[in-house]
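*Asks:* A predicted structure for the sequence below; I have some questions about it.
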Amino acid sequence: MDLKPPHVSPILTDPVPSNKSRLGIHSSLLAYSQQDSPLSNSGKYTKSNSKKNMGNLDDVRSNGWLDAMKASSPPRKKSTHKGSSAQVASFDYDVEDYNLWMLGYPSALDAFEKIVDRAKDKKIAMFLDYDGTLSPIVEDPDCAFMSEPMRTTVQSVAKYFPTAIISGRSRDKVFDLVKLTELYYAGSHGMDIIGPVSDILSVNHPNCIKSTDQQGKEITLFQPAREFLPMIDEVFKTLIEITKDIEGAKVENHKFCVSVHYRNVEENNWTTIGQRVHDIIKNYPRLRSTHGRKVLEIRPVIDWNKGKAVEFLLESLGLTNRNDVLPIYIGDDKTDEDAFKVLRERNRGYGILVSLARKESNALYSLRDPNEVMKFLQLLVNWKRDQETVKK
């Protein structure tokens with residue numbers, strides 16, 4: 001089996017399926033029955049109920065939202081990367097405390113020999129988050145560009161290992177930022193995946209559709225939350241309207257989820273922005289909110305996450321239930337924990353957390369920032385290249 005990723009563009013027009021039932025949410029993905037909460041506009045946010053809902057700011061305090069918002073947003077200081085006008089968020093941390101934390105999550109650079117020793121005679125599959133992993137965290141999400149050395153490094157990784165980027169951003173947006181056709185892409189936390197063609201997948205996953213890209217090459221498009229598109233669009237428009245008076249707030253539509261960024265919002269307004277998002281979401285029982293790094297993310301209530309996306313991609317690559325496969329997932333955010341957990345619980349591979357702040361994680365190793373991620377990936381490429389040279 002050729003395990004190299006397809007060298008085709010992952011940008012395509014969503015196909016019109018011949019069988020509409022294949023686009024619905026499969027019953028196994030739903031958190032509860034559709035009959036309990038039908039798709040409708042009954043929960044639509046209006047100005048008449050906004051004043052009533054906005055009045056009780058204790059909601060976000062009592063249900064833990066405010067604490068979660070603060071916990072996911074460590075103190076930062078602003079800096080500007082050389083040659084760039086984009087302000088990068090760097091985080092203050094206690095060195096002694098961080099060193100103690102590193103005992104539980106040792107550096108993947110220091111443990112590199114141990115990692116590749118286990119990788120001998122195995123096929124490595126590489127999974128990467130984007131923001132905070134391949135690119136620095138910046139004040140404006142639209143300016144989260146990866147460096148050219150990082151792009152070259154990731155391209156080299158994809159030459160030797162099947163490689164996928166799994167991001168909370170929309171699939172199209174993350175491709176626009178990465179601009180590499182050698183990779184697989186999973187956007188919206190894995191709810192919008194382009195993978196290799198597999199007849200087995202189309203049977204096991206009713207939301208799989210065989211399609212073609214702009215170059216006419218066959219690919220598999222998997223969108224388990226396609227039914228939610230009208231609802232997501234409606235919530236996006238509502239959130240734009242109700243946050244426009246909060247200075248620094250930014251709302252992004254990632255197709256299958258919506259992000260409300262409060263990175264540039266004064267901390268004394270976090271309660272307000274949290275309350276307004278809370279008031280909207282409680283009217284949509286089939287949507288939920290999760291907390292990321294200075295962002296609230298609204299997504300469908302289905303049994304799908306980045307961990308499921310990793311499993312799906314491994315299956316599509318024909319790498320499931322094999323002892324000669326070593327998946328490696330590198331990510332920095334809370335949403336990456338689902339992927340770390342999958343690899344840890346099954347003792348299948350390595351989760352690597354990118355963080356300068358001490359936090360509990362399902363990862364086995366850590367890296368400090370995207371620069372260390374690039375060093376690790378370069379070491380991996382050099383190791384593989386040497387392995388192939390020895391075989392020759």
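*Replies:* Arrived safely.

*Asks:* Val260 versus Glu267, what's the distance?
*Replies:* 15 Å (C-beta to C-beta, to the nearest Å). Every C-beta, even on glycine, is put in place using the N, C-alpha and C of the backbone.

*Asks:* who has more neighbours, these two?
*Replies:* Between Glu267 and Val260, Val260 has the larger neighbour count (other C-beta atoms under 10 Å), namely 26 against 10.

*Asks:* Find the residue ranges of the stretch 151-300 of the chain scoring beneath the pLDDT cut-off.
*Replies:* In the prediction, the stretch 151-300 of the chain carries residues with pLDDT under 70 at positions 199-204, 213-215.

*Asks:* Which stretches in it count as strands?
*Replies:* Assignment of strands within the stretch 151-300 of the chain using DSSP state E, counting those that start in this stretch yields the ranges 163-166, 184-187, 192-195, 208-212, 218-222, 250-253, 258-261, 287-292, 295-300.

*Asks:* Indicate which one of these is closest to Gly307.
*Replies:* Among those, the nearest to Gly307 by C-beta to C-beta is strand 163-166 (9.6 Å).

*Asks:* Outside of that closest one itself, list whatever touches it.
*Replies:* 5, 125-130, 134, 154, 157, 174, 178, 182-186, 189-190, 306, 309-310, 313, 329, 331, 339 (C-beta atoms under 8 Å, 6 or more residues apart in numbering).

*Asks:* in the stretch 251-392 of the chain, which spans are helices?
*Replies:* 270-281, 306-316, 337-345, 370-391 (DSSP state H, counting those that start in this stretch).

*Asks:* Between helix 306-316 and the third one, find me the angle.
*Replies:* Same thing as helix 337-345. Taking axes from the mean of the first three to the mean of the last three C-alpha atoms, to 10 degrees, one finds helix 337-345 and helix 306-316 inclined to each other by 60 degrees.

*Asks:* Pull the residues that contact helix 337-345.
*Replies:* Taking C-beta under 8 Å, 6+ apart as the rule, helix 337-345 contacts 127, 166, 305-311, 327, 329, 331, 348-351, 353, 361-364.

*Asks:* Tell me the buried residues in that helix?
*Replies:* Neighbour-count burial for helix 337-345 flags Glu337, Asp338, Ala339, Phe340, Lys341, Val342, Leu343, Arg344 (criterion: 16 or more other C-beta atoms under 10 Å).

*Asks:* and if you look at the second one?
*Replies:* Applying a neighbour-count criterion of 16+ other C-beta under 10 Å, one finds Lys306, Gly307, Lys308, Ala309, Val310, Glu311, Phe312, Leu313, Leu314, Glu315, Ser316 buried in helix 306-316.

*Asks:* and it, what does it pack onto?
*Replies:* strand 123-128, strand 163-166, strand 184-187, strand 192-195, helix 199-204, strand 325-331, helix 337-345 (3 or more C-beta pairs under 8 Å, 6 or more residues apart in numbering; DSSP states H and E).

*Asks:* ok now the second one, how far from the chain's centre?
*Replies:* Between the centre of strand 163-166 and the centre of its chain there are 9 Å (C-alpha atoms, centre = their mean, to the nearest Å).

*Asks:* just the longest one next, same as before
*Replies:* Relative to the centre of its chain, helix 337-345 is centred 14 Å away, using C-alpha atoms, centre = their mean.
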